[in-house]
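**Student:** Build the 3D model from these lines:
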Amino acid sequence: MTEETINPRSRRPMLPSPGEQAGRGDDTIPAMTFMTVTYELQDRLKPEQFRALGQFANTYGLQKFRFDEKTNRLQFDYDASRLEERVVEHVLREAKIPVLRKLEPGN
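**Tutor:** Numbers count the residues shown, from 1 in each chain. Have a look, this model is predicted:
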């Protein structure tokens, strides 16, 4: 049996800290794996494409996106434990984003 710690103000059991939970082996919060993917676009984005990306920004797991008008590159930061790259690519196709190619990291 585990010993509970009581909050003196509320008189309710206190939750263990994440470090204590990790030590017990009963982690309930999965680890996050942050990824960045960059696409080179054929053309500049149109206002309706920006709106579609804004809707996609509400997707669980997407952290943020950036568009560089000078290089015509679109970059996404996402949590790969919640969102797969193929889902990002599917959304780009649905929004009719003119992707030329996916760039490898460092390009």
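**Student:** which phi and psi does Val91 have?
**Tutor:** As for Val91, its main-chain torsions (degrees, to the nearest 10) stand at phi -60, psi -40.
**Student:** quick one: contacts for it?
**Tutor:** 52, 56, 59 (Cβ atoms under 8 Å, 6 or more residues apart in numbering). C-beta: built from backbone N, CA, C; applies to glycine.
**Student:** Please repeat the previous calculation with a cut-off of 6 Å.
**Tutor:** Phe56 (Cβ atoms under 6 Å, 6 or more residues apart in numbering).
**Student:** and what of Leu100?
**Tutor:** With Cβ under 6 Å, 6+ apart, Leu100 has these contacts: 40-42.
**Student:** Which of those ranks first by neighbour count?
**Tutor:** Leu41 (20 neighbours; other Cβ atoms under 10 Å).
**Student:** So what's the predicted local confidence for that residue?
**Tutor:** Looking at Leu41, its pLDDT is 96.
**Student:** Pro30 too?
**Tutor:** So, for Pro30, pLDDT stands at 62.
**Student:** In JSON lines: the contacts of Leu100, plus distance to Ile97 and secondary structure.
**Tutor:** Converted to JSON lines, these look like this (distance: Cβ to Cβ, whole Å; DSSP: H, G, I helix; E, B strand; the rest coil):
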{"residue": "Glu40", "distance to Ile97": "11", "secondary structure": "strand"}
{"residue": "Leu41", "distance to Ile97": "7", "secondary structure": "strand"}
{"residue": "Gln42", "distance to Ile97": "9", "secondary structure": "coil"}
